[in-house]
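Colleague: Test case, fold it:
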Amino acid sequence: MKNFRDLAFQFINEKSLISNRRLELVSLMKAGEDNGRNCFSCVGFCCTQSHNSMQISPIEAAELYFFLVTNEMWDDELISKLNDNISEYRLDYELSVGGRSFRRTYTCPFFMHKSLGCPIAPTHKPYGCLAFNPDKKNVSSEGHCSSRVDLLENIERPHQDISSQFEESMKTHGLEFHFSKLPIPVALLEMDKILNN
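Modeller: Numbering: from 1, shown residues only. So this is what the prediction gives:
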């Protein structure tokens, strides 16, 4: 029998998930850049704890995990960085008040990773990252970007369907995911643990 990691990788490749589901968001981002609405003059507020509370689903975590593995970025140094990030921002503790859960803000562990703004290719970025773009040209300060919630909502239905198929496919082989969405570093470490058991 194949191991969980091979099964998950095969599922993602067979469904052509990476290219199909992000295409509209990547196109939107590129169109903005072509019209001068880019992040090149910005210090990256959206990636830091001042604004970032990104959470990803199991399938997004698997896609990102395989990108990191395939590009030889998944190593002890990154694992240590992810653990440090979780500890620094207490991402392994749920924040709830009056029965409502709230996302914690944190600086993304990939922000300025090895001197890059973000080493994750647009084809593998979380949807929320791709949908958050400048509203004006040459953004260099806070408050001039927004999320294309309409596009995220259009993706949500097919994303849920594919996510359900992914989780069901893994479940038939005895693998279950115990989260719907988690912060990026928590989701990646959880995915590594699940797929390599």
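Colleague: Poorly predicted segments of this protein, please.
Modeller: Low-confidence segments of the chain, defined by pLDDT under 70, span residues 1-2, 15-21, 114-116, 156-159.
Colleague: Check the gap between the most centrally placed residue in it and G98 for me.
Modeller: Centre of the chain computed as the mean C-alpha position; nearest residue by C-alpha atoms, centre = their mean is P126, 3.2 Å away. Distance of P126 to G98, given as C-beta to C-beta, to the nearest Å: 28 Å. Using the backbone N, CA and C atoms, a C-beta is placed for each residue, glycine as well.
Colleague: likewise M54?
Modeller: Using C-beta to C-beta, M54 is found at 24 Å from G98.
Colleague: Compare neighbour counts for these two and give me the winner.
Modeller: Just comparing M54 and G98: by other C-beta atoms under 10 Å the higher neighbour count belongs to M54, 23 against 4.
Colleague: By residue count, what's the longest helix in this structure?
Modeller: Criterion DSSP state H: the longest helix present in the chain is helix 149-171.
Colleague: Can you point out the buried residues in that helix?
Modeller: Neighbour-count burial for helix 149-171, counted by 16 or more other C-beta atoms under 10 Å, picks out 151-152, 155, 159, 162-163, 166-167, 169-170.
Colleague: Please enumerate the strands of the chain.
Modeller: 55-56, 95-97, 100-102, 132-134, 145-147, 182-183 (DSSP state E).
Colleague: Determine which of those strands approaches L64 most closely.
Modeller: Across the strands of the chain, L64 has its closest neighbour in strand 55-56 (7.0 Å, C-beta to C-beta).
Colleague: That closest one pairs with which strands?
Modeller: Here strand 55-56 is paired, per DSSP bridges, with strand 182-183 (antiparallel).
Colleague: tell me the contacts of the nearest residue to G117 once chain neighbours are set aside?
Modeller: Take G117 and drop its neighbours on the chain: the residue closest to it by C-beta to C-beta, 6 or more residues apart in numbering is G44, 6.4 Å away. Residues counted as contacts of G44 (C-beta atoms under 8 Å, 6 or more residues apart in numbering) are 111-112, 117.
Colleague: top of these by neighbour count?
Modeller: Among the contacts of G44, F111 has the most neighbours (other C-beta under 10 Å), with 18 neighbours.
Colleague: Alright, I will stop here.
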